[in-house]
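Visitor: what's the 3D shape of this:
(2 chains)
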Protein chains: 2
Amino acid sequence: MGPQEVAAGAALAAGRGARVLLFGPADLIGAVPTGVELVDAPVSIAKSPDPARAVRATPDASIVQATKAVADGRAHALVGAGGTGAALAAGLFNVRRARGVYRPALALPLPVPGMPVTLLDVGANAQARSEHLVQFAFMGAAFAQAVLGVERPRVGLLSNGEESERGGELVLAAGAALARHGEEGRLRFLGNVEGGDVVSGAADVIVTDGLTGNIALKLMEGVSQTMLGAVRDAAMSSWRGKLGGALLRPSLRAFREEIDPEAQGGAYLLGLRRLAVVPHGRFTREGFAHAILRAQRGAREDLVGLTHAALESAQALRTPHASGDPASLPESR
Amino acid sequence: MGPQEVAAGAALAAGRGARVLLFGPADLIGAVPTGVELVDAPVSIAKSPDPARAVRATPDASIVQATKAVADGRAHALVGAGGTGAALAAGLFNVRRARGVYRPALALPLPVPGMPVTLLDVGANAQARSEHLVQFAFMGAAFAQAVLGVERPRVGLLSNGEESERGGELVLAAGAALARHGEEGRLRFLGNVEGGDVVSGAADVIVTDGLTGNIALKLMEGVSQTMLGAVRDAAMSSWRGKLGGALLRPSLRAFREEIDPEAQGGAYLLGLRRLAVVPHGRFTREGFAHAILRAQRGAREDLVGLTHAALESAQALRTPHASGDPASLPESR
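Guide: A predicted model of the protein is given here:
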């Protein structure tokens, strides 16, 4: 990536109808693309080892300025293209939690062939309580509907078996609450789903805690890379393999495009007062453009309002007199 | 599978030096192979929907007879080839927990290219406490050493980041205890490992709770199948693809053999008074033979004794006056 590639993504998105307020180093970015408003912000905390501290200590950092613009209403959604840790920390710190949300969650639309499967939480919170998972289910369903365009998304709870008695205490408690919401028509809840369902397409949204979700995500990446590496090695091991690989490549291209993570825009931080998207650091301009257009869609479809309405009608909002949660972030007022 | 295939696996194992006591239907098995002693046990509970109940209600079932033979010392290890649920239930019920073990764990040597990576628990207990994970670490290390022949196995704790402050309460507590055992030289503990490390070969043994381990296992299977399916589809989609696939196949064979799950014998139930191996229901005679030979090795190397000694020297045994654990099984006396 780099500022030029991000700016090129902004230009692509602007050409497809987005309005972009870009915070970055003007001297590196050069000519400002049409449809993009550039705010010169040369200070970057993308590589900071302690993003939370850097966010507080560096008010002129580009990501801090961008999140403040979102918090002030000068922008409607955040795309944090300068380092995942910094984007998450600044998003949490400046955009802040939406009213009644216990904990934000990081949602990743997985590039499964066919329709993406949104897995959340993939790592915003390592420890979760059952009421958090219940909120994640509604947050993920609202996201899949508003941003991915899935009609009545099917929501599953990740467990070690499909039967409702499978799971640890956390899964059992969340599953019972979600089953009640399902029976009463507030959520299309499938019940428990298994690890294999993350890639089977059996559910549109899969809910888990941030520890399990993060492990699942990195395991998927590891298995995919190992297998693609094995095919590549086989295709380099002999003249037969090389020829076979060359002949197979065009047929594999469609699959590779289907599982291209850039098309999904990145990971989505849900549960803040505005939608925040965190494209992967390895993305090209196409991925950044997807992130911007998805963020725009989330704002236009009022994802935050839809989420709040769903949580409210389910009586799943955190009430003001609920027990204190010292680990959580300052809530919006 | 079927009794003939299991008997053929027993014959293969006997030919490679194992002594096999085979419980199964004599009329279906036919001629008894050399080196195999057959006990006619025509009743099977392999397909029972409630294996725990079936085990208690069906004393003449082949798996119940086999586990009793192991419990009585007529056999030194169990290979449960007639249904995973039945083998686990009968193993837990009849072979029983080893002294000082809180909970048995199901360990799976994953067929990662190079050296297998043993993941445990992959589903014996959905809920775990930190002292359980500590025992799993010692149980897994003893298994990797005695049965897989890994010198001083490297043990990692599955988390959402390598830093020791990553993880939920369970992981943090287990990590702190394991780090102490590592510093004091009782275990080669690497600290936290991430999801991708399950297939990276960075650790020989990876410890997690049964919920996360089961999700990880099924996710790996799902991702592998999806990707192999995509390559297969690409190789069937056109004449170019077909030719390419045919040319690539020989080069891919070595990889396919490296990741063949049959070579690992199946899943291993650790923490009982004897080693129990549960080959997968889809295995052929080769897989059953591997399971028998690995079980024999576990008995010969005294895995149960090694495990007990390691837990004892780490003061990680459950003490008689420890708090009651109503969910656990009757302990051996």
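
Visitor: residue ranges with poor pLDDT in the stretch 201-333 of chain A?
Guide: When the per-residue scores of the stretch 201-333 of chain A are filtered using pLDDT under 70, the ranges that remain are A:321-333.

Visitor: what residues does it have near chain B?
Guide: Taking CB under 8 Å from any CB of the partner chain as the criterion, the stretch 201-333 of chain A approaches chain B at residues A:208-212, A:214-228, A:230-231, A:233-235, A:237-238, A:240-241, A:243-252, A:255. For the C-beta atoms, the positions are set from N, CA and C on the backbone; glycine is no exception.

Visitor: try 7 Å
Guide: Applying the criterion CB under 7 Å from any CB of the partner chain, the portion of the stretch 201-333 of chain A that neighbours chain B consists of A:210-212, A:214-224, A:226-227, A:230-231, A:234-235, A:237-238, A:240-241, A:243-245, A:247-248, A:250-252, A:255.

Visitor: so among the residues you listed, which ones count as buried?
Guide: Burial of these was assessed by neighbour count (16 or more other CB atoms under 10 Å in any protein chain shown); the buried members are A:210-212, A:214-224, A:226-227, A:230-231, A:234-235, A:237, A:240-241, A:244-245, A:247-248, A:251-252, A:255.

Visitor: output stretch A:132-149 as PDB, restricted to C-alpha atoms.
Guide: Coordinates of each C-alpha in stretch A:132-149 appear next as PDB, following Å, rounded to 0.1, in the frame of the first residue of the first chain:
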ATOM      1  CA  HIS A 132     -22.300  -9.500  24.100                       C
ATOM      2  CA  LEU A 133     -22.800 -12.400  21.700                       C
ATOM      3  CA  VAL A 134     -26.500 -11.700  21.500                       C
ATOM      4  CA  GLN A 135     -25.700  -8.100  20.500                       C
ATOM      5  CA  PHE A 136     -23.100  -9.400  18.000                       C
ATOM      6  CA  ALA A 137     -25.900 -11.500  16.300                       C
ATOM      7  CA  PHE A 138     -28.100  -8.400  15.800                       C
ATOM      8  CA  MET A 139     -25.100  -6.300  14.800                       C
ATOM      9  CA  GLY A 140     -24.000  -8.800  12.300                       C
ATOM     10  CA  ALA A 141     -27.400  -9.400  10.800                       C
ATOM     11  CA  ALA A 142     -28.000  -5.600  10.400                       C
ATOM     12  CA  PHE A 143     -24.600  -5.400   8.700                       C
ATOM     13  CA  ALA A 144     -25.200  -8.300   6.300                       C
ATOM     14  CA  GLN A 145     -28.600  -6.800   5.300                       C
ATOM     15  CA  ALA A 146     -27.600  -3.100   5.000                       C
ATOM     16  CA  VAL A 147     -24.100  -3.400   3.600                       C
ATOM     17  CA  LEU A 148     -23.900  -6.800   1.900                       C
ATOM     18  CA  GLY A 149     -27.600  -6.700   0.700                       C
END
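
Visitor: hang on, residue A:118 in a strand?
Guide: Yes - the assignment for residue A:118, made by DSSP: H, G, I helix; E, B strand; the rest coil, places it in a strand.

Visitor: hmm, it is touching residue A:106, no?
Guide: No - Residue A:118 sits out of contact with residue A:106 when judged by CB atoms under 7 Å, with a separation of 10.8 Å.

Visitor: neighbour count: the two, which is higher?
Guide: residue A:118 (28 against 25; other CB atoms under 10 Å in any protein chain shown).

Visitor: bridged to the more buried one, which residues?
Guide: residue A:109, residue A:205 (DSSP bridges).

Visitor: helix, strand or coil for residue A:229?
Guide: Assigned by three-state DSSP, the conformation of residue A:229 is helix.

Visitor: could you pull out the strands for chain A?
Guide: Defined through DSSP state E, the strands belonging to chain A, from first to last, are A:20-24, A:36-40, A:78-79, A:105-110, A:117-120, A:154-158, A:188-193, A:205-207, A:267-270, A:276-278.

Visitor: mind checking which of those strands is nearest residue B:165?
Guide: strand A:105-110 (18.1 Å; CB to CB).

Visitor: quick one: contacts of the closest one?
Guide: The contact list for strand A:105-110 (CB atoms under 7 Å, 6 or more residues apart in numbering or on different chains) reads A:116-124, A:136, A:139-140, A:143, A:148, A:198, A:217, A:264, A:267-271.
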